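S.K.: Build me a structure from this.
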Amino acid sequence: MCHAALHLQVLSRRTITSEDTVSAILMNITRKCRSGLSSNEHLALEKRDRKESEELSKATYLEVNNSISLPGRQSGSVEWRAARSELGQADSLSCSSCPIRRCVDAHVSKIHDALSAILSHFCDNNIPNERIIEVFVTLRSLMQNLKDANFKSRRVTLDQKSQQIFEILPSAERLLSAISLKAELHTVGDPSVATDGNLIHTSLALPVALDAVDEILSNYKSNIFYTKGHQFPRGNRLCSGSVLASSEQLPIGIVCVAN
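M.R.: Residues are numbered from 1 along each chain as shown. Got it, this is the predicted structure:
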């Protein structure tokens, strides 16, 4: 089962189109990009386009040996397929000739574990539900501001409510660490939260953390409370794997994450 709770919403945001429509759009973009080129450059590019088109047309009618597994590109020149590691020894194609792609989302487990620790803290100390909702609303506002901040210099100044979260919740900094963020509370200047490490990790993890906090808030507002020992959403989840995949066929051995 996929870890993305909002998978159906993601599907609904996709735009379904046809190959002809995409081809027409790409042709228009190409035409605009080439508008400033010289006539000689235009001729050279048109010659290359014709050659590629001929290669693709010929490949369509090639006799395919069904006894050989063809996980990679079946169209185009040998040079193209070799450049993508889609050709095995002696120009034969096999499953092993596909590049192995590693899929990892350990940041999701770290975020869920950190939120579980925060929920356990509230349960252990019998914090009123109204106060819990208030804390998570403040936490969500902080993460939303961080998500909206500049990618390269992601930083948000903490207000009084946000500072109190780090004073009462030892696990708050663990949550920031899972998102590759750090709190700067005792430095010169205003207290703030900023990136700490890989900027891409932060960009990937922030939406996950926001979705998780939204789910917790929704549950509390619907009178679905977390009890002592509860883990959000569940412990010991799978968080990595490898797939064999090419650009033209379905992956062999799809890796999913189980909650």
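S.K.: pLDDT of stretch 173-190, averaged?
M.R.: Computed over stretch 173-190, the mean pLDDT rounds to 86.
S.K.: which residues sit against that stretch?
M.R.: 107, 110-111, 113-115, 117-118, 139, 143, 146, 154, 157-158, 163, 166, 172, 191-199, 201-202, 205-206, 209 (Cβ atoms under 8 Å, 6 or more residues apart in numbering). Heads up, the C-betas are built off the backbone N, CA and C, glycines and all.
S.K.: Arg31 and Glu41, how far apart?
M.R.: Note on Arg31: its distance to Glu41, by Cβ to Cβ, to the nearest Å, is 14 Å.
S.K.: again with Arg50
M.R.: 15 Å.
S.K.: what do you get for Asn219?
M.R.: Distance, Asn219 to Glu41, by Cβ to Cβ: 60 Å.
S.K.: all strands of the stretch 101-250 of the chain, in order?
M.R.: In the stretch 101-250 of the chain, the strands defined using DSSP state E, counting those that start in this stretch lie at 155-157, 181-184, 192-195, 240-244.
S.K.: Show me what counts as buried in the second one.
M.R.: Along strand 181-184, the positions that meet the burial threshold by neighbour count (16 or more other Cβ atoms under 10 Å) are 181, 183-184.
S.K.: before we move on, what about the first one?
M.R.: Buried positions in strand 155-157, judged by neighbour count with 16+ other Cβ under 10 Å: Val156.
S.K.: Return the list of helices and strands in contact with it.
M.R.: When contacts are defined as 3 or more Cβ pairs under 8 Å, 6 or more residues apart in numbering; DSSP states H and E, strand 155-157 packs onto helix 129-148, strand 192-195.
S.K.: winner for burial among those?
M.R.: Most buried of the helices and strands packed on strand 155-157 by mean neighbour count (mean count of other Cβ atoms under 10 Å) is strand 192-195; its value is a mean of 20.
S.K.: Give me the contact list for that one.
M.R.: With Cβ under 8 Å, 6+ apart, strand 192-195 has contacts from 142, 146, 154-158, 162, 176, 180-184, 202.
S.K.: Mind listing the strands it pairs with, and their directions?
M.R.: According to DSSP bridges, strand 192-195 has the following sheet partners: strand 155-157 (antiparallel), strand 181-184 (antiparallel).
S.K.: can the ones you listed go into TSV with extra columns for distance to Ile133?
M.R.: As requested, these are exported to TSV (distance: least, Cβ to Cβ, whole Å):
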stretch	distance to Ile133
strand 155-157	21
strand 181-184	22
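S.K.: wouldn't Ser162 be in contact with Leu142 here?
M.R.: Yes: counting by Cβ atoms under 8 Å, Leu142 is a contact partner of Ser162 at 5.2 Å.
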